[in-house]
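A.B. asks: Sequence and computational prediction follow.
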Amino acid sequence: MKRCPWVTDDPIYIEYHDHQWGVPVHDDRMLFEMLILEGAQAGLSWLTVLKKRDNYRRIFHNFEIDRVAAMTDTELEEALLDPGIIRNRLKVTSARRNALAAQKVIAEFGSLDTYFWQWVDGQPIVNRPKSLEEYAATSEISDALSKDLKKRGFNFVGSTIIYAFMQAIGMMDDHSADCALAHSR
């Protein structure tokens, strides 16, 4: 099967590409998970994060927003000792900060789903890059969404991270023109 040019032959990457990347997500827990994981990826490879995903789920209470928001400083310090995740203090503590910010967004909009998907009028934006060089790293929407998230107290939400998040949750459908999945969804 022909896949997007960024996919390696690693089975974890193939599984992620074939079954998750670009599929619209409307579950708040999963949206929060992807936001935290994309932030953890900053400066690293996405494959590194995917390989540690189960450990993130274990440490961060399966990304249940209220439980992550209630994590104590002691729990966060213990998380920093776990080699199963990326042990960057700012990234680890941002999980709680972002959970607290997510609670406020949910209180205002009813759900993360409503908040995020309003940025694309509830429908994925479809791009069909023809080469690796044609893949965007940011967009006007990711710039504006990043700015709004920062204003709301989120961190590790720069425009590049948010664009990758938008791709991951299907807000942006960026399967390449010759990818088999570009024409199957």
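C.D. replies: Great, that's in hand.

A.B. asks: Sketch out the low-pLDDT regions of the protein for me.
C.D. replies: 185 (pLDDT under 70).

A.B. asks: Tell me which residue lies nearest the centroid of it.
C.D. replies: M34 (3.0 Å; CA atoms, centre = their mean).

A.B. asks: now that residue: how far from F165?
C.D. replies: Distance of M34 to F165, computed by CB to CB, to the nearest Å: 6 Å. To be clear about C-beta, it is placed using only N, CA and C from the backbone, and glycine gets the same treatment.

A.B. asks: just Q123 next, same as before
C.D. replies: Distance, Q123 to F165, using CB to CB: 17 Å.

A.B. asks: Look at those two and report which has more neighbours.
C.D. replies: Shown here are Q123 and F165; by other CB atoms under 10 Å, F165 has more neighbours (26 against 11).

A.B. asks: mind listing what that one touches?
C.D. replies: By CB atoms under 8 Å, 6 or more residues apart in numbering, the contact list for F165 reads M34, L35, E38.

A.B. asks: and if we set it to 10 Å?
C.D. replies: Counting by CB atoms under 10 Å, 6 or more residues apart in numbering, F165 touches 25, 31, 34-39, 41, 116, 142, 145-146, 149, 157, 171-172.

A.B. asks: ok so, going back, SS state for the residue nearest to the centre of the chain?
C.D. replies: helix (DSSP: H, G, I helix; E, B strand; the rest coil).

A.B. asks: ok, it touching F63?
C.D. replies: Yes. In this structure, M34 is within contact of F63 by CB atoms under 10 Å, at 8.8 Å.

A.B. asks: Which of the helices or strands spans the closest residue to L37 other than its chain neighbours?
C.D. replies: Counting by CB to CB, 6 or more residues apart in numbering, L37 lies nearest to V49, which is 5.3 Å off, once chain neighbours are set aside. Counting by DSSP states H and E, the element that carries V49 is helix 46-59.
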